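Peer 1: Here is a sequence together with a model predicted from it:
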Amino acid sequence: APCLSYTTPVKVENGKITNNTFDDEPVNFNPVGDKCVIDIVIEGPEEIISEVGFYTDHPGSEPLFSFDASSITMTTEELEVNGKHLYLLSSVRLNDAVSVKDGEYQVRYKYTLHGIDSPFSFNGLSLITTVMIIVFVIYLIIALNRTVNSNKEYDERQMRMRGIAGLNAMVTAASILMGFGMFDIITDNSPFTVYQVAMITAMVSVTVFAIVADINDAYVGINKKRTVYVILTGIIALTNLLSWLVNGLLSKTESIFSNLAVVSLCIAICSIALCIEMMIKGIVDRKIARKEAEDEESEA
């Protein structure tokens, strides 16, 4: 579950808070499902009151849930989020009911979100992803069966290179998963969802496999239609780069860590890397072919 934990000093001088840094941009949580509950822990002195609000739109609208307290441990009721982003905005004020001395006070905050999805709810991205995965699995099964029945196109070296490419992809996937795990432990507030981690791992691993296999001539089909593959990969890269810009970097309503933005950026980067590799490999192959032709002519 997304977790945000931090401690903030509150400095009081002449009966006023002099270092109020709470009026910055709100903290943005990724969509957490149709509904969510929030575990809230605030530990602070009674002299300081924390005002906390959760929004499904930018602050200024009616809060989804809000409260004020100096110290509290609670779990909210089920909140209707409907797949939207959740924004947290907090501020502090002095407790008028008690005498507040000048000094520095420490307030500790911890928020843990638990998303609750409807078992039959599908947003557009989930549906598209599901269809793409089904199509990819069917294509993979057909391609593997064709490969098994037509290995005459590949010699032993190419088959060995395919195995090496697969090993590289497997090591890459393991490294990415361990990296995300370590990042989550260190930060205790990873902005990446399970869906994003799965898609990044899959896309990067497949890209590594394709690049290593192509470099070692383990894919004869790419050599036959390299220009087509370069154009297709370039279109995919450009489309996803635009999607990332519109739905992430330049969006006023979506976070750069939204599912669509992160996955679009990952696909764009992987497609660009594959496109560049295929172009360089094509140039190198043509140079080698010309040199061989020139050598044959000189020998003749």
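Peer 2: Alright, I've got the coordinates. Since we're looking at a predicted model, the values are computed, not measured.

Peer 1: Please tell me how far stretch 82-98 is from the chain's geometric centre.
Peer 2: How far stretch 82-98 lies from its chain's middle: 27 Å, per CA atoms, centre = their mean, to the nearest Å.

Peer 1: what about it, average pLDDT?
Peer 2: Averaged over stretch 82-98, pLDDT sits at 86.

Peer 1: Helices along the stretch 101-250 of the chain, start to end?
Peer 2: Per DSSP state H, counting those that start in this stretch, the stretch 101-250 of the chain carries helices over the ranges 124-149, 156-187, 194-215, 220-224, 226-244.

Peer 1: now, of the ones you listed, which is deepest in the fold?
Peer 2: Most buried of the helices of the stretch 101-250 of the chain, by mean neighbour count (mean count of other CB atoms under 10 Å): helix 194-215, with a mean of 19. Quick note: C-beta positions are derived from backbone N, CA and C, even for glycine.

Peer 1: Check the offset of that one from the chain's centre.
Peer 2: Centroid separation for helix 194-215 versus its chain: 14 Å, with CA atoms, centre = their mean.

Peer 1: Repeat that for stretch 167-177.
Peer 2: Put simply, stretch 167-177 sits 17 Å off its chain's centre (CA atoms, centre = their mean).

Peer 1: who wins for proximity to residue 76 among the helices of the stretch 101-250 of the chain?
Peer 2: With CB to CB as the measure, helix 194-215 is the member of the helices of the stretch 101-250 of the chain nearest residue 76 (22.4 Å).

Peer 1: hmm, who's touching that closest one?
Peer 2: Contacting residues not belonging to helix 194-215 are listed as 129, 161-162, 164-166, 168-170, 172-173, 176-177, 180, 192, 219, 222, 257, 259, 262-263, 266-267, 270, 273-274, 277-278, 281 [CB atoms under 8 Å, 6 or more residues apart in numbering].

Peer 1: Need the contact partners of stretch 229-249.
Peer 2: So stretch 229-249 is in contact with 222, 254-256, 258, 260-262, 264-265, 267-268, 271-272, 274-275, 278-279, 282, going by CB under 8 Å, 6+ apart.

Peer 1: And the buried ones among these, selectable in PyMOL?
Peer 2: Filtering the contacts of stretch 229-249 down to the buried ones (16 or more other CB atoms under 10 Å) takes a single PyMOL command:
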select buried, resi 222+254+255+258+260+261+262+264+265+267+268+271+272+274+275+278+282
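
Peer 1: host element of the nearest residue to residue 47 once chain neighbours are set aside?
Peer 2: Among residues not flanking residue 47 along the chain, residue 100 sits closest, at 4.5 Å (CB to CB, 6 or more residues apart in numbering). Assigned by DSSP states H and E, residue 100 falls within no helix or strand.

Peer 1: hang on, the earlier thing: worst mean pLDDT among the helices of the stretch 101-250 of the chain?
Peer 2: The bottom spot among these, by mean pLDDT, belongs to helix 124-149, with a mean of 60.

Peer 1: counting contacts, what elements does the helix of greatest length in the chain pack onto?
Peer 2: Counting residues, the longest helix found in the chain (DSSP state H) is helix 259-299. Helix 259-299 sits against helix 124-149, helix 194-215, helix 226-244, with contacts defined as 3 or more CB pairs under 8 Å, 6 or more residues apart in numbering; DSSP states H and E.

Peer 1: Columns distance to residue 89 on top of the helices of the stretch 101-250 of the chain, output as JSON lines?
Peer 2: Shown next, in JSON lines, are the helices of the stretch 101-250 of the chain (distance: least, CB to CB, whole Å):
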{"stretch": "helix 124-149", "distance to residue 89": "26"}
{"stretch": "helix 156-187", "distance to residue 89": "21"}
{"stretch": "helix 194-215", "distance to residue 89": "24"}
{"stretch": "helix 220-224", "distance to residue 89": "51"}
{"stretch": "helix 226-244", "distance to residue 89": "26"}
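
Peer 1: just to revisit the earlier point, the residue nearest to residue 47 and residue 200: what is the separation?
Peer 2: Separation of residue 100 from residue 200 (CB to CB, to the nearest Å) stands at 48 Å.

Peer 1: and if you look at residue 56?
Peer 2: According to CB to CB, residue 56 stands 26 Å off from residue 200.

Peer 1: next one: residue 41
Peer 2: 31 Å.

Peer 1: Residue 35 too?
Peer 2: For residue 35, the distance to residue 200 equals 27 Å [CB to CB].
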